[in-house]
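> Got a predicted structure here, sequence first:
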Amino acid sequence: MNQSPHSPTLASAKVSHSEELGLAASRLSADPRIAEAKELLAAVLKDHSSTIDAVRPPKPELVAQYKAELDRLAVARGGAPYFPYISSGLGNGPFVELGDGSVKLDFIVGIGVHGMGHSHPAMLEATVDAGLEDTVMQGNLQTNSPSLAMCEKLLGLANQSGAKLDHCLLSTSGAMANENALKIAFHNRFPASRVICMDNCFAGRSLALAQLTDRPAYRAGLPKTLDVDFIPMYHPADPIGTTQGAIETLKKLLARHPGEYACIWLELVAGEGGYYPGTKPYFEELCKICHQNNILVIFDEIQTFSRLSQPFAFQHFELDAYADLVTLGKITQVCATLYGDQLKPKGPVLSQTFTGATASIRCGLAVLDALETHECFGANGWNVRRHKYFQGKLEQLAQKYPGKLSGPYGEGMMIAFTPGNGGADEAKDMLMKLYDLGLMGFLAGSNPNRIRFLPPPGITTEKHIDLACGIIEKAIQ
Ligand SMILES: Cc1ncc(COP(=O)(O)O)c(C=O)c1O
């Protein structure tokens with residue numbers, strides 16, 4: 001492989017050492033029996049997964065046993081899962097088979113995780129390769145080639161339109177990626193210790209991130225760990241008012257706490273907040289003011305990565321020049337914190353035993369390759385085209401059933417709508433109706449409460465979107 005270290009097209013399949021090194025590991029991966037075994041497994045998987053090709057109700061004979069399993073799960077995990085969902089372990093594209101024999105059209109995919117849908121052959125192949133590697137988990141002390149390939153791949157993608165992110169720290173959760181970003185920011189801006197966030201944001205479930213997250217219920221009973229101040233989120237219903245409101249609030253905060261802010265933490269499409277994208281002018285003004293005041297900009301791309309017209313939302317909004325720290329996760333199967341060399345910590349503030357499972361890292365690389373080969377990105381890439389298609393269908397439904405459904409409809413492959421008047425009960429009722437009819441989405445936002453979808457960008461087709469909209473129409477009726 002003779003590519004530049006940050007080449008965005010670094011092939012994930014080539015993560016093992018080149019054969020001319022004469023390694024035993026190279027001979028293992030080139031052994032024809034491995035290729036044969038992979039082919040056999042892929043064929044067997046296809047034979048069985050291809051039978052899962054439509055939404056189906058539960059099989060009556062499996063219902064009692066499935067319910068018993070769900071009851072045991074509720075006891076084991078200390079509460080029932082949100083949906084009565086236990087996968088059988090097999091699916092096909094966006095279709096997933098559950099333990100009661102039902103098949104759902106999965107348009108939430110573990111909140112954005114299963115980007116290639118279910119039981120995809122590329123995931124099987126990456127997992128077989130991972131199984132042949134010497135260790136299950138990668139870590140900071142002992143690392144295998146796939147970790148390096150993942151870091152270089154992510155940096156290459158992040159820097160392709162002008163950002164200057166030199167380093168990549170892998171981690172096993174979005175929360176840990178955000179914790180690492182905050183540590184780097186505080187370490188570099190010491191003694192500044194305050195953070196600026198947007199109203200309605202969500203940053204993760206650690207003690208520190210509970211303070212950033214604008215949901216008081218998520219920090220009930222938890223000690224205060226950080227000083228966080230909030231600015232208004234952009235809203236399409238009042239673009240000028242919300243932009244000016246955010247700028248004025250930011251300026252007021254900077255005057256009230258001069259020199260105390262280490263960073264601003266931004267979601268470029270509010271995720272848990274309801275799938276409201278901001279705009280370039282909104283973010284640019286905020287980022288500019290922050291940079292003028294020596295405040296670092298952190299883009300949280302844990303939900304947005306891979307879902308808009310570019311791999312990163314900061315590229316979609318042309319904010320590359322402001323990307324001091326970037327976090328991502330979910331669809332990449334392993335999470336990461338990207339940062340510039342000037343922010344490299346001067347002490348040992350960062351490390352973890354686990355940086356990611358070998359299977360996660362290899363599958364993540366395969367997902368990244370597939371997103372590119374399936375042409376998800378670009379102004380006329382599939383993410384944008386599928387959004388337009390989905391939005392058009394939802395608009396038709398909104399017209400046909402006045403008062404039952406309304407926009408805005410999100411951005412890229414982050415699709416949402418408001419059911420009825422957006423009341424909490426109404427949204428939950430609609431979500432559960434969709435689930436019973438075979439379509440999986442999830443809630444987002446509050447006041448109004450919305451229904452959101454994260455269709456798997458690697459494999460979703462217009463036919464799948466038609467099916468989803470047919471189910472939404474049935475639920476409305
Ligand atoms: C924007 C954002 N940041 C952080 C997180 C936390 O990620 P994780 O649940 O992997 O810790 C999430 C999870 O939904 C998220 O949407």
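Yes, it's here.
> all contacts plus neighbour counts: C-alpha atoms, from now on.
OK.
> And the strands in the stretch 101-250 of the chain, which stretches?
For the stretch 101-250 of the chain, applying DSSP state E, counting those that start in this stretch gives strands covering 103-106, 137-138, 167-171, 194-198, 227-231.
> strand partners of the last one, parallel vs antiparallel please.
Within its sheet, strand 227-231 is paired with strand 194-198 (parallel), according to DSSP bridges.
> So is the partner strand next to the ligand?
No. Judged by Cα under 6 Å from any ligand atom, strand 194-198 and the ligand are separated, with a smallest distance of 11.6 Å.
> could you give the mean pLDDT of that strand?
Averaging pLDDT along strand 194-198 yields 98.
> roughly how far is it from the heart of the chain?
Distance of strand 194-198 from the chain centroid (Cα atoms, centre = their mean, to the nearest Å) equals 21 Å.
> Dihedrals phi and psi, the nearest residue to Glu284 once chain neighbours are set aside?
Of all residues not flanking Glu284 in the chain, Leu319 sits nearest, at 6.8 Å (Cα to Cα, 6 or more residues apart in numbering). Phi and psi for Leu319, reported as degrees, to the nearest 10, are phi -120, psi 20.
> just checking, Leu319 touches Pro281?
No. Contact criterion Cα atoms under 8 Å: Leu319 and Pro281 do not qualify, at 9.8 Å.
> from the stretch 1-150 of the chain, which residue is nearest to the ligand?
Nearest to the ligand in the stretch 1-150 of the chain, going by Cα to the nearest ligand atom, is Ile111, at a distance of 6.8 Å.
> From Thr304, how far out is that residue?
Going from Ile111 to Thr304 by Cα to Cα, to the nearest Å gives 11 Å.
> okay, these two: which has more neighbours?
Thr304 (30 against 18; other Cα atoms under 10 Å).
> Pull up the gap between that one and the ligand, please.
Using Cα to the nearest ligand atom, to the nearest Å, Thr304 is found at 7 Å from the ligand.
> Determine the number of other residues adjacent to the spatially closest residue to that residue that is not a sequence neighbour.
Nearest residue to Thr304, sequence neighbours excluded (Cα to Cα, 6+ apart): Ala313, at 6.1 Å. By other Cα under 10 Å, the residues close to Ala313 number 25.
> contacting residues for Ala313?
Under the criterion of Cα atoms under 8 Å, 6 or more residues apart in numbering, the neighbours of Ala313 are Leu268, Val269, Glu301, Thr304, Phe305, Ser306, Arg307.
> Reduced to three states, what does the residue lying closest to Phe186 once chain neighbours are set aside come out as?
Once flanking residues are discounted, Phe186 sits nearest to Ala262: 5.7 Å by Cα to Cα, 6+ apart. When classified by DSSP: H, G, I helix; E, B strand; the rest coil, Ala262 comes out as strand.
> about what we covered before: now the common contact residues for Ile111 and Thr304.
In contact with both Ile111 and Thr304: no residue, using Cα under 8 Å, 6+ apart.
> Name the residues that touch stretch 227-236?
The contact list for stretch 227-236, computed with Cα under 8 Å, 6+ apart, reads 193-200, 211-212, 242-243, 245-246, 249-250, 253, 276-279, 282, 408.
> again, only this time at 6 Å
Contact partners of stretch 227-236, identified using Cα atoms under 6 Å, 6 or more residues apart in numbering, comprise Arg194, Val195, Ile196, Cys197, Met198, Asp199, Thr242, Thr243, Ala246, Thr249, Gly278.
> now those as a markdown table including distance to Asn449?
Shown next, in a markdown table, are the contacts of stretch 227-236 (distance: Cα to Cα, whole Å):
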| residue | distance to Asn449 |
| --- | --- |
| Arg194 | 30 |
| Val195 | 27 |
| Ile196 | 24 |
| Cys197 | 21 |
| Met198 | 18 |
| Asp199 | 15 |
| Thr242 | 20 |
| Thr243 | 22 |
| Ala246 | 22 |
| Thr249 | 25 |
| Gly278 | 18 |
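> quick one: which of these is nearest Asp429?
Checking those against Asp429 with Cα to Cα, the nearest one is Asp199 at 25.9 Å.
> Show me the helices in the stretch 251-400 of the chain, by range?
Assigned helices in the stretch 251-400 of the chain, in chain order: 280-292, 313-316, 358-373, 382-400 (criterion: DSSP state H, counting those that start in this stretch).
> Just put those in JSON lines and tack on mean pLDDT and distance to the ligand.
What follows is the helices of the stretch 251-400 of the chain, written out as JSON lines (pLDDT from 0 to 100; distance: least, Cα to the nearest ligand atom, whole Å):
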{"stretch": "helix 280-292", "mean pLDDT": "98", "distance to the ligand": "16"}
{"stretch": "helix 313-316", "mean pLDDT": "98", "distance to the ligand": "12"}
{"stretch": "helix 358-373", "mean pLDDT": "98", "distance to the ligand": "13"}
{"stretch": "helix 382-400", "mean pLDDT": "98", "distance to the ligand": "19"}
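> Can I get those in a markdown table including distance to Lys330?
Listed next are the helices of the stretch 251-400 of the chain as a markdown table, based on distance: least, Cα to Cα, whole Å:
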| stretch | distance to Lys330 |
| --- | --- |
| helix 280-292 | 24 |
| helix 313-316 | 14 |
| helix 358-373 | 9 |
| helix 382-400 | 17 |
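> Thr353: neighbour count?
Neighbours around Thr353, by other Cα under 10 Å: 12.
> what does the chain have sitting close to the ligand?
Counting by Cα under 6 Å from any ligand atom, the chain sits next to the ligand at Ser173, Gly174, Ala175, Phe202, Ala203, Gly204, Gly271, Asp300, Ile302, Gln303.
> can you give me how far the one helix or strand in the chain whose mean pLDDT sits lowest is from the chain middle?
Counting by mean pLDDT, DSSP states H and E, the weakest-scoring helix or strand in the chain turns out to be helix 24-30, with a mean of 93. Counting by Cα atoms, centre = their mean, helix 24-30 is centred 34 Å from the centre of its parent chain.
> Domains in the chain, by residue range?
Following automatic domain parsing, the chain resolves into domains at 60-120+378-476, 137-373.
> With that, I have no additional questions.
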